[in-house]
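Student: Quick one, structure for this:
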Amino acid sequence: MTQPPASSNDTKSVFSHPVQVLIVEDERIVAGDLRARLRRMGYRVAAIVSTGDDAIRAADEHHPDLVLMDIRLEGTMDGIQAADTIRRIHNIPIIYLSAYADQSTVERAKVTEPFGYLLKPFEDSELRTTIEMALYKGSMEQERRVLEAQLLQSQKMESIGTLVVGLAHNLNNILAIVMGYASRLERSPDDPVKVMQSVNAINQAVRRGAGLIQQLIGVTTKSNLQYTPVDVNTLLEDLIRMVIEVFPKNITFVQRLEPFGPRISAEQNQLHQALLNILLNARDAMPHGGSITMSTETVSSTSLRGRFPNLQDTPYVQISIADTGEGMDDETMRHIFEPFFTTRDRAMFTGLGLSVVYGIVTSHKGCIDVTSKVGGGTSISIFFPAETPARETTITATSHIVTPKGGTETILVVEDEEMLRSLVKEVLTRAGYSVAFAIDGEDALRVYDEQRDTIDLVLLDFGLPKLAGDEVLVALRERNPEVRVVFSTGYVRKERSEGLLKLGAQGVVFKPYTVADMLETIRRVLDGSRSATITPPRG
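Tutor: Presented below is the predicted three-dimensional model:
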């Protein structure tokens with residue numbers, strides 16, 4: 001029997017706006033009754049749907065504050081499956097409604113981390129209390145996510161500072177190599193063997209430097225959380241390539257990676273940060289050198305349940321990082337995941353490393369295990385639910401043409417670096433092209449307006465003074481929707497290049513690029529290829 005109607009003033013929510021509730025219920029009478037009860041309590045009903053697919057669409061469209069989800073639904077998707085998708089995409093609190101409370105249903109529901117479970121029939125007082133508790137928990141979870149993001153960024157800055165010292169050392173070495181071989185070219189311009197050796201050494205050094213810059217941009221760039229399939233082995237190999245450049249030379253690396261690349265669903269930047277934190281801790285535990293062993297393995301949840309009883313019934317990917325360092329005693333082990341706990345100099349380190357790792361792992365529905373012995377090193381294993389491998393289309397890069405084809409067209413080069421402008425002019429002129437120049441975004445539009453009838457393609461830098469490259473592209477396309485534009489950029493984020501292509505560019509070449517890369521891309525666009533061309537960064 002329901003309670004007497006409550007006025008809208010009786011409900012005091014944690015939200016400043018009227019609470020929007022999505023009802024997912026396949027019994028029309030029950031759904032109608034729920035709507036009436038919610039309205040009496042002062043809540044707004046965003047929509048009523050009867051299937052899991054419709055629930056997901058309604059959540060996308062209405063962005064409700066709360067979902068009341070019946071477990072038994074029409075169609076092929078039940079309420080638990082729909083709730084799992086809605087929680088992963090939108091983080092909306094879910095309250096389950098069910099006439100059944102069998103153990104298997106409860107266990108399935110628990111995996112989706114619901115904010116409440118109401119057994120039909122229920123009283124108005126139960127409904128209202130459960131809703132308000134769910135809304136409160138949801139608001140606290142949102143605050144926690146914001147604080148975790150701030151914590152992650154703070155810790156990321158600490159690790160970046162550590163990396164930059166090593167990167168600066170390596171970049172200085174690279175610059176010394178370039179300057180040394182450039183000087184050798186000046187001394188021996190007529191010796192073809194020395195000239196070729198010097199050119200090869202400079203090219204190698206530049207590629208190595210470009211690789212370091214790409215890795216640093218990958219670590220420092222903020223991005224929206226996006227869970228995608230991640231090949232764990234590839235991620236570890238990329239990480240090793242980065243840290244091997246900045247870690248002391250007396251630290252060696254051993255890889256024991258499971259064949260066929262186990263995959264997990266993860267936010268790649270966060271996973272990269274977690275593994276980097278563990279590696280930095282391992283490095284600091286070996287001030288006199290040692291060995292770091294990185295391994296991957298797929299294990300069953302059954303083998304882990306003795307230590308982690310709440311795991312999903314699915315295989316898990318284990319990533320282990322073991323060092324031969326100083327190890328930890330029991331007292332230290334008890335505190336390692338506490339924020340701001342550190343055994344190092346507090347003036348230099350925040351003590352956020354492993355607490356951030358713990359937060360990232362748990363947010364991925366994973367778990368973490370640490371074993372250590374004083375004088376015997378430390379081993380950290382993290383476990384993530386495995387993802388079923390998906391068949392992927394492999395794109396094989398074509399080999400670079402040794403002597404790219406030139407042309408007789410006119411190219412407008414927009415570049416603010418004077419030395420690079422001169423170099424590009426020499427290359428393009430030698431290939432047969434006519435060249436016009438602009439030194440900033442506004443100058444590019446002026447030159448294009450003056451010479452638009454003769455300009456066949458614009459080679460456009462992204463980071464320009466006065467008007468950025470993307471703004472110039474928009475303005476050019478307003479003048480001529482068929483304008484051919486190839487971007488030249490030092491930004492190596494994939495989403496950045498894809499965004500430029502969506503704006504209407506026909507190609508992107510990444511600095512530092514080779515002459516062959518630049519000429520090939522220009523020729524391909526001039527020859528009428530309307531398909532977008534991305535020439536990957538060197539390094």
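Student: And the strands in the stretch 251-400 of the chain, which stretches?
Tutor: Secondary structure of the stretch 251-400 of the chain, counting by DSSP state E, counting those that start in this stretch: strands at 251-256, 263-267, 290-299, 316-323, 367-373, 377-385.
Student: Reformat these into CSV and put distance to E113 and mean neighbour count next to each item.
Tutor: C-beta: built from backbone N, CA, C; applies to glycine. What follows is these, written out as CSV (distance: least, Cβ to Cβ, whole Å; neighbours: other Cβ atoms under 10 Å):
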stretch, distance to E113, mean neighbour count
strand 251-256, 34, 14
strand 263-267, 16, 20
strand 290-299, 23, 18
strand 316-323, 18, 22
strand 367-373, 15, 17
strand 377-385, 14, 21
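Student: between those strands, which one is nearest to Q197?
Tutor: Closest approach to Q197 among the strands of the stretch 251-400 of the chain is made by strand 251-256 (30.1 Å; Cβ to Cβ).
Student: tell me the mean pLDDT over that closest one?
Tutor: Taken as a whole, strand 251-256 carries a mean pLDDT of 93.
Student: Just confirm D453 is within a helix.
Tutor: No. Following the definition DSSP: H, G, I helix; E, B strand; the rest coil, D453 is coil and is not counted among the residues of a helix.
Student: Output the strands of the stretch 251-400 of the chain as a markdown table; include the columns distance to E417.
Tutor: Putting these into a markdown table (distance: least, Cβ to Cβ, whole Å) gives the following:
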| stretch | distance to E417 |
| --- | --- |
| strand 251-256 | 37 |
| strand 263-267 | 35 |
| strand 290-299 | 40 |
| strand 316-323 | 41 |
| strand 367-373 | 47 |
| strand 377-385 | 44 |
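Student: Nearest to P481, out of those strands?
Tutor: Ranking the strands of the stretch 251-400 of the chain by their distance to P481 (criterion: Cβ to Cβ) puts strand 263-267 first, at 37.6 Å.
Student: mean confidence score for that closest one?
Tutor: Here the average pLDDT along strand 263-267 is 88.
Student: Return stretch 230-240 as CSV; C-alpha atoms alone will do.
Tutor: Written as CSV, here are the backbone C-alpha positions of stretch 230-240 (Å, rounded to 0.1, in the frame of the first residue of the first chain):
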residue,chain,number,x,y,z
VAL,A,230,44.5,-1.3,-26.0
ASP,A,231,47.2,-3.8,-27.0
VAL,A,232,49.0,-4.1,-23.7
ASN,A,233,52.3,-5.4,-25.3
THR,A,234,52.5,-2.5,-27.7
LEU,A,235,51.9,0.0,-25.0
LEU,A,236,54.6,-1.5,-22.8
GLU,A,237,57.1,-1.6,-25.7
ASP,A,238,56.4,2.1,-26.5
LEU,A,239,56.8,2.9,-22.8
ILE,A,240,60.2,1.1,-22.6
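Student: Go through that stretch and flag the buried ones.
Tutor: Within stretch 230-240, the residues scored as buried using 16 or more other Cβ atoms under 10 Å are V230, D231, V232, N233, L235, L236, L239, I240.
Student: Next step: these restricted to strands.
Tutor: Using DSSP state E, the members of the buried residues of stretch 230-240 that fall in strands are V230, D231.
Student: Go through the buried residues of stretch 230-240 and say which is closest to I202.
Tutor: Nearest to I202 among the buried residues of stretch 230-240, with distances taken as Cβ to Cβ, is I240, at 25.9 Å.
Student: give the contact list for the closest one.
Tutor: With contact taken as Cβ atoms under 8 Å, 6 or more residues apart in numbering, I240 is in contact with F253, Q255, M294.
Student: Confirm for me that the first one is in contact with G290.
Tutor: Which is F253. No. F253 sits out of contact with G290 when judged by Cβ atoms under 8 Å, with a separation of 10.7 Å.
Student: Just the pLDDT at the residue nearest to I319 when sequence neighbours are not counted, thanks.
Tutor: If you skip the residues right next to it in sequence, I319 has I382 as its closest partner in space, 5.2 Å away by Cβ to Cβ, 6 or more residues apart in numbering. pLDDT, the model's per-residue confidence, is 95 for I382.
Student: Walking through the stretch 1-150 of the chain, point out its helices one by one.
Tutor: With helices called from DSSP state H, counting those that start in this stretch, the stretch 1-150 of the chain shows them at 28-41, 52-62, 79-90, 103-111, 124-187.
Student: count of neighbours near E186?
Tutor: Counted by other Cβ atoms under 10 Å, the residues lying close to E186 total 8.
Student: and the gap between it and D323?
Tutor: Between E186 and D323 the distance is 46 Å, computed by Cβ to Cβ, to the nearest Å.
Student: domains in this structure, as residue ranges please.
Tutor: 8-122, 148-222, 227-388, 410-535 (automatic domain parsing).
Student: Can you flag the weakest of the ones you listed by average pLDDT?
Tutor: Out of these, domain 148-222 stands lowest, with a mean of 68 (criterion: mean pLDDT).
Student: Once you drop chain neighbours, what's closest to F308?
Tutor: Nearest one to F308, counting by Cβ to Cβ, 6+ apart, is C367 at 4.5 Å.
Student: got it, and P229?
Tutor: Leaving out its chain neighbours, the residue that sits closest to P229 by Cβ to Cβ, 6+ apart is R263, at 5.1 Å.
Student: Around R28, count how many other residues there are.
Tutor: Under the neighbour criterion other Cβ under 10 Å, R28 is assigned a count of 10.
Student: cool, M333 as well?
Tutor: The criterion is other Cβ under 10 Å. On that basis, M333 has 14 neighbouring residues.
Student: Setting aside sequence neighbours, what's the nearest residue to it?
Tutor: Nearest non-adjacent residue to M333, counting by Cβ to Cβ, 6+ apart: S372, 6.2 Å away.
Student: So the one you found versus E331, what's the distance?
Tutor: Counting by Cβ to Cβ, the gap between S372 and E331 amounts to 12 Å.
Student: could the buried residues of stretch 230-240 go into a markdown table alongside distance to Y358?
Tutor: As requested, the buried residues of stretch 230-240 are exported to a markdown table (distance: Cβ to Cβ, whole Å):
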| residue | distance to Y358 |
| --- | --- |
| V230 | 19 |
| D231 | 24 |
| V232 | 19 |
| N233 | 23 |
| L235 | 19 |
| L236 | 20 |
| L239 | 19 |
| I240 | 23 |
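Student: hmm, back to that, just to check, the residue nearest to I319 is in contact with V361?
Tutor: Yes. Here I382 reaches V361: they are 5.2 Å apart, a contact under Cβ under 8 Å.
Student: Quick check: neighbours shared by these two?
Tutor: Common contacts of I382 and V361, defined by Cβ under 8 Å, 6+ apart, comprise A274, C367, I368.
Student: my read: T298 touches A386, true?
Tutor: Yes. Distance between T298 and A386: 5.9 Å, which falls inside the contact criterion (Cβ under 8 Å).
Student: Quickly list what's touching both of those two.
Tutor: Looking at what touches both T298 and A386 (by Cβ under 8 Å, 6+ apart), the common residues are P262, P315, Y316, V317.
Student: List the contacts of the last one.
Tutor: Read that as V317. Taking Cβ under 8 Å, 6+ apart as the definition of contact, the neighbours of V317 are V232, P262, R263, I264, T296, E297, T298, V299, F383, F384, P385, A386.
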